[in-house]
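Peer 1: sequence plus the predicted model coming up.
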Amino acid sequence: MAVQRTLEMDFNTALGKTHRMRVYDAKDPITAAEISTAMDNVISKNIFSGSGGELTAKLAARVIVKDSSDITLV
């Protein structure tokens, strides 16, 4: 059995679009404060940009947990 935790962070861009970032294998547990601080750092350091322009604001965040099990075929 394997559990995968993915942190998704949504940002607003300078052109009014939404930009989503994913962090795979997010730590467990992770707090809302840690996520908010990370998102603030991403915005303030301005190291990511795309077709929507610079990231300007935090919109949303979520942790997605997927649980999978291998099946042995007979």
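Peer 2: Received, thanks. Residues are numbered from 1 along each chain as shown.

Peer 1: distance between the lowest-mean-pLDDT helix or strand in the chain and the chain's centre?
Peer 2: Lowest on mean pLDDT, DSSP states H and E among the helices and strands of the chain sits strand 49-50, with a mean of 78. Remark: strand 49-50 is offset 15 Å from the chain centroid, using Cα atoms, centre = their mean, to the nearest Å.

Peer 1: parallel or antiparallel, which strands does it pair with?
Peer 2: Strands that pair with strand 49-50, judged by DSSP bridges, come out as strand 53-68 (antiparallel).

Peer 1: and the strand it pairs with, C-alpha only, in PDB?
Peer 2: Extracted in PDB, the C-alpha atoms of strand 53-68 (Å, rounded to 0.1, in the frame of the first residue of the first chain):
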ATOM      1  CA  GLY A  53       2.600  37.000 -15.800                       C
ATOM      2  CA  GLU A  54       4.000  37.300 -12.300                       C
ATOM      3  CA  LEU A  55       2.300  35.700  -9.300                       C
ATOM      4  CA  THR A  56       0.500  38.300  -7.300                       C
ATOM      5  CA  ALA A  57      -1.800  36.800  -4.700                       C
ATOM      6  CA  LYS A  58      -2.700  33.500  -2.900                       C
ATOM      7  CA  LEU A  59      -6.000  32.100  -4.000                       C
ATOM      8  CA  ALA A  60      -6.300  28.600  -2.500                       C
ATOM      9  CA  ALA A  61      -4.400  25.500  -1.300                       C
ATOM     10  CA  ARG A  62      -5.200  21.900  -0.700                       C
ATOM     11  CA  VAL A  63      -3.500  18.600   0.200                       C
ATOM     12  CA  ILE A  64      -4.600  15.700  -1.900                       C
ATOM     13  CA  VAL A  65      -4.000  12.200  -0.400                       C
ATOM     14  CA  LYS A  66      -4.100   9.200  -2.700                       C
ATOM     15  CA  ASP A  67      -4.000   5.700  -1.300                       C
ATOM     16  CA  SER A  68      -3.100   2.800  -3.700                       C
END
